[in-house]
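Okay, here's the prediction I keep looking at, along with the sequence it came from:
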Amino acid sequence: MTAADLPDPAAGPTGESPGGDPGGDVGSGDGEGTPAPPAELVVAARFDVGAGYAVHRARGAPSWLFAWTLAGGGRFRQGGVTVPAEPGELVALGPELAHDYAVAPGAAGWSFWWVHCPARAGWHGWLAPYQVGERLYRVAGVPEFVRGRVEAAFRRLHADARWSGEGPPPDPVSSRRRDVVPAAATGVAARELALGGVEEVLVLTTAAVAAARTGPAAGPRSEENVDPRVRRVEALLAADPAAPHTVASLAARVALSPSRLAHLFSAQTGRTPMRALRDARMRHAARLLEATDLPIGSVAAASGFVSAFHFSRVFRERFGVPPGGYRQNSRAVGSSSPRSTS
């Protein structure tokens, strides 16, 4: 199947209940709703749809979905939480949770870029401050000055997804194109370039919003006034996440009392030292899954988890897929073809 075989969103609603609300058990004949692309693929497109467009997935999608609204309005629902999708907003939905989305009530239409893809290990840190529900994130209030760059990143990642690896990469589509057919990255280079484009979108939107709220920032937080002892603790966690760190042991390394370190660290990073340790262990485990063939139990032990069962549970909570599925998705380069649109 090629991108040309995918359903046309302009053909009408997909999975709309009689009241215009795609929340019931609707969609395809098997009750599952609109199909989603395979977990390993990076698939991107721009849709310009009218009132009545709706998507419902009873089991969610096997990968992440990111949507950037250009004009009009939409709305997303996942895990019992509903959020609007307005111009200049990025909405992200994690995998394997029932969700639906549609043109917003009262809106004449909705123009938006979307991409289905697996998530990289570092993305959670950018998205975490914008979580509004279970695996549901909304980055609202993106400043005007960065929106053109975000749209350009989507157009470029769409072009990168079409690259065969031979000859120069294709040019991005014109910003005047309102309906852009889905492109699926089926090669290693195309996949990594497209994922880099998604990462660019995340960094641009979250950093710009953070800067608008709190002043200049180079990432999820400003580094200028971070206490060097907090930086030292973060470096210790990153260097050896499997070590049996405690608040007391970390505090001793930076000559602070445990209570003082806990307060200072939380105030400057927005998370406790032990939460930062778990995040460091998750990033380390994700890298091991991507780069090695170690058994899951060995990955758990090498990342500081005593129990492989506990590791699998918290890994799934963090990334939306179990460790084995994450490894498989990170290594698949796309012999499969997409089965559906956004």
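Received it, and whenever you're ready, just let me know what you need. Remember, predicted model here, so these are calculated numbers, not experimental data.

okay, CA-based contacts and neighbour counts for the rest of this
OK.

where are the low-confidence patches of the protein?
Along the chain, the model assigns pLDDT under 70 to residues 1-32, 213-225, 331-342.

where exactly do the helices run in this structure?
Ranges of helices in the chain, per DSSP state H, are 123-127, 144-161, 188-214, 228-239, 247-253, 258-269, 273-291, 296-302, 308-319, 323-331.

number of nearby residues for A248?
14 (other CA atoms under 10 Å).

The closest residue to it other than its chain neighbours: neighbour count?
Leaving aside its chain neighbours, A248 sits nearest to P258 (5.0 Å; criterion: CA to CA, 6 or more residues apart in numbering). A count of nearby residues for P258, using other CA under 10 Å, gives 16.

who touches P258 in this structure?
Shown in contact with P258 (CA atoms under 8 Å, 6 or more residues apart in numbering): 247-248, 250-252.

quick revisit: make a markdown table from the helices of the chain and add distance to S111 to it.
Shown next, in a markdown table, are the helices of the chain (distance: least, CA to CA, whole Å):
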| stretch | distance to S111 |
| --- | --- |
| helix 123-127 | 23 |
| helix 144-161 | 12 |
| helix 188-214 | 17 |
| helix 228-239 | 41 |
| helix 247-253 | 48 |
| helix 258-269 | 36 |
| helix 273-291 | 34 |
| helix 296-302 | 42 |
| helix 308-319 | 28 |
| helix 323-331 | 29 |
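
Burial check on the closest residue in space to R271 that isn't next to it in sequence, number of neighbours?
Closest residue in space to R271, ignoring its immediate chain neighbours: F265 at 7.2 Å, by CA to CA, 6+ apart. Using other CA under 10 Å, F265 has 22 other residues around it.

so which of the helices of the chain gets nearest V103?
helix 144-161 (19.9 Å; CA to CA).

Could you write out the alpha-carbon coordinates of the closest one in PDB?
Extracted in PDB, the C-alpha atoms of helix 144-161 (Å, rounded to 0.1, in the frame of the first residue of the first chain):
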ATOM      1  CA  GLU A 144       3.500  34.200  16.800                       C
ATOM      2  CA  PHE A 145       7.200  34.700  16.100                       C
ATOM      3  CA  VAL A 146       7.900  30.900  16.200                       C
ATOM      4  CA  ARG A 147       4.800  29.600  14.400                       C
ATOM      5  CA  GLY A 148       6.200  30.000  10.900                       C
ATOM      6  CA  ARG A 149       9.300  28.100  11.900                       C
ATOM      7  CA  VAL A 150       7.000  25.300  13.300                       C
ATOM      8  CA  GLU A 151       5.000  25.000  10.100                       C
ATOM      9  CA  ALA A 152       8.300  25.000   8.100                       C
ATOM     10  CA  ALA A 153       9.500  22.100  10.300                       C
ATOM     11  CA  PHE A 154       6.400  20.100   9.500                       C
ATOM     12  CA  ARG A 155       6.800  20.800   5.800                       C
ATOM     13  CA  ARG A 156      10.400  19.700   5.900                       C
ATOM     14  CA  LEU A 157       9.800  16.500   7.900                       C
ATOM     15  CA  HIS A 158       7.100  15.600   5.400                       C
ATOM     16  CA  ALA A 159       9.600  16.100   2.600                       C
ATOM     17  CA  ASP A 160      12.200  14.100   4.500                       C
ATOM     18  CA  ALA A 161       9.800  11.200   5.000                       C
END
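
Fine, thanks again, bye for now.
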